[in-house]
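Asker: What follows is a predicted structure for the sequence shown.
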Amino acid sequence: MVNEKNICQIAILWQGDKRQFVKKSTFAVYSLIVETHLLPAFGNLNTVTEKEVQEFVLQKLNDGLSQKTIKDMLIVLRMILKFGAKNNYCPYSPIDVIFPTDRERQELEVLSITSQKKIMRFVEDNFTFRNLGIYICLSTGIRIGELCALTWDDIDTERCVIHIRKTIQRIYIRENGIKHTELLIDTPKTATSIRDIPMTKELLSIIKPLRKIVKGDYYVLTNDESPTEPRTYRNYYKKLLVKLDIPPIKFHGLRHSFATRCIESQCDYKTVSVLLGHSNISTTLNLYVHPNFDQKKKCIDKMLKSLK
């Protein structure tokens, strides 16, 4: 192959090309995957075999990484190899790797109903803008990046709706060999994440009096022109759980708790999926819909009854 290059050289050229076509936040994720995982494993190679990729996958699993994280790495690796083949830098053949079967389903972190009520009552009795954010998450299921990017103009008290139009995240960038981070406010990753979420009567009763006196372009969590970033708000949330003597769960557990309460309340799955901003209803079903024994028995009894 006349223009043969190793994977490191191809990855650099691929990044230069890819930067033009994807969002800055997406490119930052790709670059981090390349630098942290792919180049140490494959950078000096001119070709990558299926056996080498399979060994890479098993090693990452042993390191404790999730299957989803590893599959994201493989997506980037395949893009690099296809780019290399297209430009005659390296050969490419489809790579088919096998993941071990999950023997146990990982339990979602969800607040108990008692803990959820305790948090919501505390916020109602101890108002601060930071506390309000936790109440909003439990009432709407929005992601932490969407919450941190929320401004008062995004909240329509006349229509009783919250408009999700942007997200905030800290991204890691490497430019000219220099690493730095940047706080980025951008549109959500997928079109379905841009959505309108109705407010509960309880949430509206808290927000409506505030909406009359706050500045529309101020961020909700800070009531200021400057936002707080997700990692800072996570730290505040952790301290609040300790203060309330509630077992620790990740901030994303608030979103899981909202979705779980919706499913427990017999909300239809499609509506829950739209509220969460999932791009596919299968994501909602796989995460939250796990019928218990009584539900299975009821289903079978109903089926048998139809045959009589």
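Answerer: Done, it's in. Since we're looking at a predicted model, the values are computed, not measured.
Asker: Spell out, range by range, the helices that occur in this protein.
Answerer: Counting by DSSP state H, the chain has helices at residues 7-18, 24-33, 39-42, 50-62, 67-86, 113-125, 129-140, 144-148, 201-211, 230-243, 252-264, 269-276, 281-288, 293-307.
Asker: just those helices: most buried one?
Answerer: helix 144-148 (a mean of 25; mean count of other C-beta atoms under 10 Å). For the C-beta atoms, the positions are set from N, CA and C on the backbone; glycine is no exception.
Asker: can you pull the contacts of Asn87?
Answerer: Asn3, Leu13 (C-beta atoms under 8 Å, 6 or more residues apart in numbering).
Asker: Now it: phi and psi?
Answerer: When read as degrees, to the nearest 10, the backbone of Asn87 gives phi -100, psi 10.
Asker: Tell me how far it lies from Asp17.
Answerer: 9 Å (C-beta to C-beta, to the nearest Å).
Asker: Equivalent analysis for Asn280, please.
Answerer: The separation that Asn280 has from Asp17, given C-beta to C-beta, amounts to 29 Å.
Asker: now do Pro209
Answerer: In this view, Pro209 and Asp17 are 52 Å apart by C-beta to C-beta.
Asker: Go ahead and confirm Lys8 touches Val48.
Answerer: Check again: residue 8 is Cys, not Lys. No. Judged on C-beta atoms under 8 Å, Cys8 makes no contact with Val48 at a distance of 11.9 Å.
Asker: can you list the domains in the chain?
Answerer: If you go by automatic domain parsing, the domain ranges for the chain are 7-86, 113-288.
Asker: any low-confidence regions in the stretch 201-308 of the chain?
Answerer: Counting by pLDDT under 70, the stretch 201-308 of the chain has low-confidence residues at 291-292, 294-295.
Asker: Contact partners for Ile171?
Answerer: Lys24, Ser25, Ala28, Val29, Thr181, Glu182, Leu184.
Asker: Distance-wise, check the fourth one relative to Ser265.
Answerer: Read that as Val29. To Ser265, Val29 is 35 Å away according to C-beta to C-beta.
Asker: repeat for the fifth one
Answerer: Computed with C-beta to C-beta, the distance linking Thr181 and Ser265 is 40 Å.
Asker: More neighbours: which of the two?
Answerer: Ranked by neighbour count (other C-beta atoms under 10 Å), Thr181 and Ser265 place Thr181 first, with 11 against 8.
Asker: my guess is the more buried one meets Glu229, correct?
Answerer: No. Here Thr181 does not reach Glu229: they are 9.9 Å apart, not a contact under C-beta under 8 Å.
Asker: what is in contact with those two at once?
Answerer: Arg170.
Asker: ok, so of the contacts of Ile171, who is nearest Glu158?
Answerer: Leu184 (30.9 Å; C-beta to C-beta).
Asker: got a list of what the nearest residue to Phe258 once chain neighbours are set aside touches?
Answerer: Excluding its sequence neighbours, the residue lying closest to Phe258 (C-beta to C-beta, 6 or more residues apart in numbering) is Gly141, at 3.5 Å. Each residue near Gly141 by C-beta under 8 Å, 6+ apart is listed here: Ile197, Leu254, Arg255, Phe258, Ala259, Cys262, Leu275, Leu276.
Asker: so which of those residues comes closest to Gly43?
Answerer: Nearest to Gly43 among those is Arg255, at 36.8 Å by C-beta to C-beta.
Asker: what separates that closest one from Glu202, distance-wise?
Answerer: Arg255 sits 18 Å away from Glu202, taking C-beta to C-beta as the criterion.
Asker: Could you pull out the buried residues of stretch 90-97?
Answerer: Neighbour-count burial for stretch 90-97 flags Cys90, Tyr92, Ile95 (criterion: 16 or more other C-beta atoms under 10 Å).
Asker: OK, contacts around the second one?
Answerer: Put plainly, it is Tyr92. Leu81, Lys82, Gly84, Ala85.
Asker: any idea how far the third one lies from Leu45?
Answerer: Just to be clear, that refers to Gly84. Distance from Gly84 to Leu45, by C-beta to C-beta: 11 Å.
Asker: again with the first one
Answerer: Relative to Leu45, Leu81 is positioned 11 Å away (criterion: C-beta to C-beta).
Asker: Mind listing the shared neighbours of those two?
Answerer: With C-beta under 8 Å, 6+ apart, Leu81 and Leu45 have common neighbours Ile7.
Asker: So which residues lie in contact with stretch 193-206, not counting its own?
Answerer: Stretch 193-206 has contacts (C-beta under 8 Å, 6+ apart) with 120, 124, 127, 132, 135-136, 139-142, 146, 155, 157, 160-165, 167, 187-188, 207, 274-275, 277, 279.
Asker: what does stretch 232-245 give?
Answerer: With C-beta under 8 Å, 6+ apart, stretch 232-245 has contacts from 118-119, 122, 130-131, 133-134, 144, 147-148, 221, 247-249, 251.
Asker: Thanks a lot, see you next time.
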